[in-house]
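A.B. asks: Structure, please.
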Amino acid sequence: MLLDSQGHQVVSCLGFTESLEQCRAGNFDLFLLGHSIPYSDKQQLVAIFREKCSAPIISLRRHAGEQLVEGASYHIEPDPDALLILVQRIFGASKKQMV
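C.D. replies: Okay, here's the model as predicted:
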């Protein structure tokens, strides 16, 4: 909803299986992993996404001490302002599709 309100096209997934299907099927400009996704699931999704494309991957972390997801382009804590700034920095003024 936050990124939608800024004009980005967003595909939301509610579980690992749906995320996996979208990851394999879609052609996305950015992949955003929520902080509630277990670390092992994040690692699997990053590996699969990296097989399909080289688009940036943002991994949201619960706290600064949380283990970093290998292969993710960015690791940030779930702060709406920080996320918007990062997405703007990645895309500039253009609006892209993300999952």
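A.B. asks: which regions of the chain sit below the pLDDT cut-off?
C.D. replies: Along the chain, the model assigns pLDDT under 70 to residues 93-99.
A.B. asks: Nearest to the spatial middle of it, which residue is it?
C.D. replies: Centroid-nearest residue in the chain: Leu32, 0.9 Å away (criterion: Cα atoms, centre = their mean).
A.B. asks: Spatially nearest residue to that one (excluding sequence neighbours)?
C.D. replies: Distances taken as Cβ to Cβ, 6 or more residues apart in numbering place Ile58 nearest to Leu32, at 4.9 Å, with adjacent residues excluded. For glycine as for every other residue, the C-beta is placed from the backbone atoms N, C-alpha and C.
A.B. asks: Is the one you found bridged to anything, and to what?
C.D. replies: Leu32, Tyr74 (DSSP bridges).
A.B. asks: ok, it touching His35?
C.D. replies: No: using Cβ atoms under 8 Å, Ile58 makes no contact with His35, being 10.8 Å away.
A.B. asks: ok, those two, which is more surrounded?
C.D. replies: Higher neighbour count among Ile58 and His35: Ile58, with 20 against 14, using other Cβ atoms under 10 Å.
A.B. asks: before we move on, the earlier item: what residues are up against the residue nearest to Leu32?
C.D. replies: Residues near Ile58 by Cβ atoms under 8 Å, 6 or more residues apart in numbering: Leu30, Phe31, Leu32, Leu33, Ala72, Ser73, Tyr74, His75, Ile76, Leu83, Leu86, Val87.
A.B. asks: Surely the last one is in a helix?
C.D. replies: Yes: the assignment for Val87 by DSSP: H, G, I helix; E, B strand; the rest coil puts it in a helix.
A.B. asks: residues near it, how many?
C.D. replies: Neighbours of Val87 (other Cβ under 10 Å): 21.
A.B. asks: which non-adjacent residue is nearest it?
C.D. replies: Leu3 (6.5 Å).
A.B. asks: number of nearby residues for that neighbour?
C.D. replies: 19.
A.B. asks: quick one: the strands in this protein?
C.D. replies: Using DSSP state E, the strands of the chain run over residues 9-10, 31-33, 57-60, 74-76, 97-98.
A.B. asks: Having no further points to raise, I will conclude here.
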